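Asks: Quick check, what structure comes out for this input:
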Amino acid sequence: QEEWGEQQVPMDDRFRGYAEQLGLDMARYDAVYHDPVTRERILADREDGLALEVRGTPTFFVNGEQLNPKSYDDLTRALDDALAES
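Replies: Predicted coordinates for the structure are as follows:
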């Protein structure tokens, strides 16, 4: 994330390179990447994040409440507790 997290310019080539390194089907990757539906989904996700006052990633929600775990144990405990309640 250090390579791309705070960039204010498109990082298309970098992410395409990651996809190639992972051995993804590049024709499918390109088709999905350039599909207007993908952009619409990203914009909708961004709007959802703004509405929920998400300020960064990762941000965790369990049962509609935002968590602020300080450790992995905090996160697993919150998930275990939520599962026990259901």
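
Asks: Residue ranges in the chain under the pLDDT threshold?
Replies: Applying pLDDT under 70 to the chain flags residues 1-2, 4, 7.

Asks: Give me the number of neighbouring residues for residue 67.
Replies: Applying other CB atoms under 10 Å, we find 16 residues neighbouring residue 67. Glycine gets a C-beta too; all of them are placed from N, C-alpha and C.

Asks: these two touch, right, it and residue 58?
Replies: No: if you go by CB atoms under 8 Å, residue 67 and residue 58 don't touch, sitting 10.0 Å apart.

Asks: and the longest helix that the chain contains, how far out from the chain's middle?
Replies: Across the chain, the longest stretch assigned as helix under DSSP state H is helix 36-51. Centroid separation for helix 36-51 versus its chain: 11 Å, with CA atoms, centre = their mean, to the nearest Å.

Asks: Mind listing what's buried along that helix?
Replies: Within helix 36-51, no residue qualifies as buried by neighbour count (16 or more other CB atoms under 10 Å).

Asks: what does it rub up against?
Replies: Residues from elsewhere that reach helix 36-51 (CB atoms under 8 Å, 6 or more residues apart in numbering): 32, 59.

Asks: and the next element down the chain from that helix?
Replies: strand 60-62 (DSSP states H and E).

Asks: Indicate each strand paired with the helix or strand following that next one and its parallel or antiparallel sense.
Replies: Next helix or strand after strand 60-62 toward the C-terminus (DSSP H and E): strand 65-67. Strand 65-67 has the following sheet partners, assigned by DSSP bridges: strand 60-62 (antiparallel).
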